[in-house]
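S.K.: need a structure here:
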Amino acid sequence: MADIRELLHFFAEAGVDTPLVDVPVDRFSQAAARRAPAAAPAPRIPEPQSNPEGTAARPPAPTTLAKASVPDDAKIAMARQLASSAATLEELREQLAAFDGCNLKFTAKNLVFADGNPAAPIMFVGEAPGREEDLEGVPFIGRSGQLLDRMFASIGLDRTSVYIANSIPWRPPGNRTPTPLETEICRPFFERQIELANPKLLVALGGPAAKALTNATEGILRLRGNWKTHLTASGIQIPVMPTLHPAYLLRNPAQKRFAWRDFVNVKLRLRALTD
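M.R.: Here you go, the predicted model:
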């Protein structure tokens, strides 16, 4: 019993707090079955038949299968339609709360939409909520959020003078990386959120957020410190500063000096745009 309690405690600390199914699934048997697929039978070639005139008839033309519709395409299209119909951030939040097209919604406890001042000239963007954020419905309130608050203060900002959001509004189970499909389904809402907030500057916290904002392919260590551009659907170009995620800095304290340089760069750019 003690071993079970320790295992459950480990799972809770790791963020694995929501079972997906009631009965365990034997993934090893499934993987073995996939590795050894049954051999497909050889196609049968019909024999030529004679018509009344005595000449051999042509074999029937192969039937063309209709292209199967992909339900995920419909979800992305619905997300685009709902996001574009929102005229305000509050309407966008309501549309997102009612949207059932992303499976992450059904394992998360709360929608994590935004925090801070939506009228602020600068917007900070992360990837997805963590455990504490999922419980409270507010982005960046755990240990990484506390570090982010200190980073704000280092350049004279706080949560009343910034706007904070994530590219994914629901916590992935166990804090796993969102799948490309989940990212694409959430993208229309995220891009509309930026368009409605209309910040003068964007700061991407971590590699996934930087790639979502700029479509860059490089890693964050190459991207950070270099100004990029986010292009909204209406054609507005917004400067983007990719920098290191606070959670990464907690694991790698020696990298904080690079984040400090990025934040000083952001402060100077923001001052030039707002003066």
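
S.K.: distance of the residue nearest to T274 when sequence neighbours are not counted from K105?
M.R.: Taking Cβ to Cβ, 6 or more residues apart in numbering as the measure, T274 lies nearest to P121, with 5.6 Å between them; neighbours along the chain are not counted. For glycine as for every other residue, the C-beta is placed from the backbone atoms N, C-alpha and C. P121 sits 31 Å away from K105 when distances are taken as Cβ to Cβ, to the nearest Å.

S.K.: same question for N117.
M.R.: Distance from N117 to K105, by Cβ to Cβ: 26 Å.

S.K.: thought S161 was touching A120, still the case?
M.R.: Yes - applying Cβ atoms under 8 Å as the test, A120 and S161 come out as touching, 5.6 Å apart.

S.K.: so the two - more neighbours on which side?
M.R.: Set side by side, A120 and S161 show more neighbours around A120, with 20 against 15, by other Cβ atoms under 10 Å.

S.K.: assign A165 to helix, strand or coil.
M.R.: Local secondary structure at A165 is given as strand here, using DSSP: H, G, I helix; E, B strand; the rest coil.

S.K.: now do M241
M.R.: With three-state DSSP as the basis, the three-state label of M241 is strand.

S.K.: okay, now T229: neighbour count?
M.R.: Neighbour count for T229, taken as other Cβ under 10 Å: 11.

S.K.: list the contacts of it.
M.R.: With contacts taken as Cβ atoms under 8 Å, 6 or more residues apart in numbering, T229 has the following neighbours: T214, Q237, I238, P239, V240.

S.K.: helices and strands around whichever strand or helix holds V266, which ones?
M.R.: Following DSSP states H and E, the helix or strand that holds V266 is helix 256-274. Based on contacts counted as 3 or more Cβ pairs under 8 Å, 6 or more residues apart in numbering; DSSP states H and E, the elements that helix 256-274 packs against are helix 143-154, strand 201-205, strand 237-243.

S.K.: hey, which of those is tucked in deepest?
M.R.: Of all those, strand 201-205 carries the top mean neighbour count, a mean of 26, counting by mean count of other Cβ atoms under 10 Å.

S.K.: packing partners for that one?
M.R.: Contacts of strand 201-205 with other secondary structure elements, assessed using 3+ Cβ pairs under 8 Å, 6+ apart, are made with strand 122-126, helix 207-214, strand 237-243, helix 256-274.

S.K.: remind me which helix or strand Q193 belongs to.
M.R.: Assigned by DSSP H and E, Q193 falls within helix 180-197.

S.K.: contact partners of that helix?
M.R.: Residues external to helix 180-197 that are found in contact with it (Cβ under 8 Å, 6+ apart): 72, 75-76, 79-80, 82-84, 86, 88-89, 92, 95-96, 99, 101-104, 114, 118, 123, 125, 163, 165-169, 172, 178, 202, 212, 230, 232-234, 236, 238.

S.K.: just the ones in helices from the residues you listed, please.
M.R.: Among the contacts of helix 180-197, the members found in helices (DSSP state H) are 72, 75-76, 79-80, 82-84, 89, 92, 95-96, 212.

S.K.: any of those residues buried? List them.
M.R.: If you count burial by 16 or more other Cβ atoms under 10 Å, the buried members of the ones in helices among the contacts of helix 180-197 come out as K75, I76, A79, R80, L82, A83, L89, L92, Q95, L96, A212.

S.K.: quick one: the fourth one from E184, how far?
M.R.: Using Cβ to Cβ, one obtains 10 Å as the distance from R80 to E184.

S.K.: for the first one, same thing?
M.R.: Relative to E184, K75 is positioned 9 Å away (criterion: Cβ to Cβ).

S.K.: what pLDDT, on average, does stretch 157-175 get?
M.R.: If you average the pLDDT over stretch 157-175, you get 97.

S.K.: for stretch 131-144, same thing?
M.R.: What stretch 131-144 shows for mean pLDDT is 96.

S.K.: and the helices and strands packed on helix 256-274 as CSV, adding distance to F263?
M.R.: Rendered in CSV, the data for the helices and strands packed on helix 256-274 read as follows (distance: least, Cβ to Cβ, whole Å):
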stretch, distance to F263
helix 143-154, 6
strand 201-205, 8
strand 237-243, 7
